[in-house]
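1. Sharing a sequence plus its predicted fold:
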Amino acid sequence: MLRTLTLAVLLATASLPALAQGTPAQGQRVRVGVTPGPHAQILEAVKPIAAKKGLDLQVVEFSDYVVPNEALSSGELEANSFQHQPYLDNQKADRGYKIESVAQTVNFPMGVYSKRHKSFDAVPAGGTVAIPNDPTNGGRALLLLQDKNLLKLKANVGFKPSVADITENPKRLRIIEVDAAQTPRSLDDVDAAAVNTNYATAAGLKPGDAILKEEPKGPYVNVIAVRSADKDKPWVATLVESYRSPEVKAFIDAKFGGAVLTSW
């Protein structure tokens with residue numbers, strides 16, 4: 001009888017580490033890097049859901065697209081949620097980051113906005129168009145212009161064409177490259193600007209007012225990224241589950257009215 005009881009206690013004790021590995025610690029801190037606007041607002045909606053599952057989410061805002069991956073790689077963050085897969089792939093190739101996506105989140109169709117013109121047809125020959133200056137989002141803007149038959153790019157340029165890849169430009173548009181976060185401010189100085197939705201929303205632009213709008217297609221769904229060494233940790237699955245919850249989906253649909261599209 002004593003041996004049986006002792007064996008049961010030992011078995012129960014042995015099982016505790018396995019249980020601990022399967023769930024995050026209560027109140028475990030997870031710092032998530034985001035850009036201002038929808039990404040930050042969505043993560044704030046995720047926080048109370050994650051808290052019920054044992055995660056203390058801390059939302060850390062960055063004003064550009066470069067620093068959040070550096071902060072994640074260096075250990076200043078546990079995760080980030082601000083970028084699509086082509087941008088992440090480009091950052092990894094350029095900087096050697098050992099980080100990877102663990103879930104798709106939302107899509108922000110890129111729009112072209114103007115303070116001077118009600119339609120792109122009104123943009124004059126030789127007009128100026130600002131696009132983001134990073135390879136993936138700048139390329140995305142050029143692909144949008146090509147999709148709308150405003151210019152033509154070299155064949156097989158993939159998802160990162162540059163201005164040098166323009167082969168036909170019938171309106172002689174002058175393409176001006178600026179930091180992605182500055183594209184809304186550039187509208188005071190250019191005929192039109194291609195603006196990522198998160199920056200457009202933060203600047204008070206309404207996606208419905210875009211004079212050109214990207215179709216919700218392609219690889220531009222945003223992702224949650226973590227360090228490769230962390231991808232199988234219990235808190236990662238909990239973070240993803242909390243983000244991709246029915247409550248967060250309902251919040252996104254109600255808050256953004258179709259300007260932000262969920263992937264689940």
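-> Thanks, I have it.
2. Kindly export stretch 167-174 (C-alpha atoms) in PDB.
-> Written as PDB, here are the backbone C-alpha positions of stretch 167-174 (Å, rounded to 0.1, in the frame of the first residue of the first chain):
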ATOM      1  CA  THR A 167       9.500  49.900 -68.800                       C
ATOM      2  CA  GLU A 168       6.500  52.000 -69.800                       C
ATOM      3  CA  ASN A 169       5.200  55.100 -68.100                       C
ATOM      4  CA  PRO A 170       2.600  56.700 -70.500                       C
ATOM      5  CA  LYS A 171       1.700  59.500 -68.100                       C
ATOM      6  CA  ARG A 172       5.400  60.200 -67.400                       C
ATOM      7  CA  LEU A 173       4.700  60.000 -63.700                       C
ATOM      8  CA  ARG A 174       7.500  61.100 -61.500                       C
END
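3. hmm, who's touching that stretch?
-> 123, 125-129, 145, 150-154 (C-beta atoms under 8 Å, 6 or more residues apart in numbering). C-betas here are computed from N, CA, C, even on glycine.
4. between the residues you listed, which is closest to residue 114?
-> Nearest to residue 114 among the contacts of stretch 167-174 is residue 123, at 7.2 Å by C-beta to C-beta.
5. which residues sit in contact with the closest residue in space to that closest one that isn't next to it in sequence?
-> Nearest non-adjacent residue to residue 123, counting by C-beta to C-beta, 6 or more residues apart in numbering: residue 191, 4.8 Å away. With contacts defined as C-beta under 8 Å, 6+ apart, residue 191 is in contact with 114, 116-117, 123-124, 127-129.
6. Can you tell me how far residue 191 is from residue 79?
-> 38 Å (C-beta to C-beta, to the nearest Å).
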